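A.B. asks: this is the structure alone, sequence omitted:
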Ligand code: SF4
C-alpha cells in the first residue's frame, strides 16, 4: 500500500518540506510538499532524491572489532563502549558530531558530555565559525530590492536560488560574486564579479549601493569559510543590510546553537589531545585519517557505513532522519519538527536512545 508522509528535506540547509512516498514500509520516492512555506511547492533534484539515503549502505547491527568487525548484540556493544569510556580520564575522551544530527541529539550529547565532565566536544563546522546575530528570514530574500550573493547558491541550494530569481522578476537588482568561472548564480544575475580574494572584493565594494535606506538589501554568503567568512560578516554587520549565511549541512545551524563549532584545525587539535573518541554522524576518517591513528579506542554511531565506521572498535547503528522524530534548524534559524515515518532497518535504533542507553550503562543520569 502507498503512503505519503510530510517531512523536512535533509539534503541542504534551506529546510524545504518534502513528501516521502512509502510502499510496504520502504521509502520509494518523493513528491513536493505543496503547502510548505519554505519551498512553495517545489523540490530540487537533491531534495527529490533524498529518500535514497534511507536505502543505501545501511548499518543494521552493532559491530565490535575482534580482529575484523563482527556483528554483536546491543547489550554487548553498549557494555564494551561504556566500560572503555569509563576506563579513561575525562580529559582523554573526545566527542564529535556532524551538522546533520537532530537538535534533540545535540541536546542529549551535550548532557552526556556535561554529566561525564567531558570538555572535548563539538561538531564538524566545516570551517564556518559560530555567529549569533539575527539572520535574514527567507521571505526577505524574495522581497529584496537588492541582493548581493557571494558564492553559488543556485547549484548548492536551488530553492534559495529560486527566491533570488523571484526577487529579480519582481525588479530586484542582483549582483553575484564568486571565484571560478561564471556559476549558475552568476548567469542569472545583473552583474557578475569574478573575485580573486574576498578581502580585495570587499575593499572595492561600493558601500553606498548597500546603504540605500529606501531599499531592502540582502547579502547571501555561501561557500566561504574560516577567516573569509568572518571578514565578510564583520564587513556587513555594521551596515543595515540583512545577512544570510548559508550553512553546509541540514542542521549545522542547530548544531551551532548547542555545541562548540570546530574548524578542521580545532578538530585536529582535539584528536591529538584525546585517547578515546565517540563520533556521532561525522566521518573524520574521510578528511583526517592520519589524526585518528592516535586514537586508542574509536566508537562510531552512524546510520551508514563510512570510512570511520570501518576503522572503529565499536559501531552503534543509528537511524536516518525519516526513521526518527526530531527537529532541524535551517540556515535562516527556523526550527522545524519532523515525525518518524518508517522503521530503521535491522537492529538499528534511534540516536537519542543510543546516547541515553550508553549513559545508563556508564551509570550516568541524563
Ligand atoms: S533546496 Fe535544499 S532543502 Fe530544498 S529541496 Fe533542494 S536540497 Fe532539499
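C.D. replies: In hand now; what should we look at? None of these values were measured; they are calculated from a predicted model.
A.B. asks: per the record, what domains does this structure have?
C.D. replies: Taking automatic domain parsing as the reference, the chain has its domains at 2-54, 63-128+253-361, 138-245.
A.B. asks: and of these, who's closest to the ligand?
C.D. replies: When the domains of the chain are compared by CB to the nearest ligand atom, domain 2-54 sits nearest the ligand, at 2.3 Å. Any C-beta I mention is one placed from the backbone N, CA and C, and that applies to glycine too.
A.B. asks: one step back: export the domains of the chain as JSON lines, with columns for mean pLDDT and mean neighbour count.
C.D. replies: Below are the domains of the chain laid out as JSON lines (pLDDT from 0 to 100; neighbours: other CB atoms under 10 Å):
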{"stretch": "domain 2-54", "mean pLDDT": "95", "mean neighbour count": "18"}
{"stretch": "domain 63-128+253-361", "mean pLDDT": "97", "mean neighbour count": "19"}
{"stretch": "domain 138-245", "mean pLDDT": "84", "mean neighbour count": "18"}
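A.B. asks: ok, and the closest non-adjacent residue to residue 39?
C.D. replies: With CB to CB, 6 or more residues apart in numbering as the criterion, residue 39 has its nearest non-adjacent residue at 3.5 Å, and that residue is residue 16.
A.B. asks: surely the one you found is in contact with residue 41?
C.D. replies: No. Under the criterion of CB atoms under 8 Å, residue 16 makes no contact with residue 41, lying 10.0 Å away.
A.B. asks: now do the shared contacts for these two.
C.D. replies: When contacts are counted by CB atoms under 8 Å, 6 or more residues apart in numbering, residue 16 and residue 41 are jointly contacted by residue 33.
A.B. asks: any idea which helix or strand carries the nearest residue to residue 202 once chain neighbours are set aside?
C.D. replies: Once flanking residues are discounted, residue 202 sits nearest to residue 235: 4.9 Å by CB to CB, 6+ apart. Per DSSP states H and E, residue 235 falls inside helix 226-237.
A.B. asks: from the chain's centre, how far out does that helix sit?
C.D. replies: Here the centre of helix 226-237 is set off from its chain's centre by 20 Å, with CA atoms, centre = their mean, to the nearest Å.
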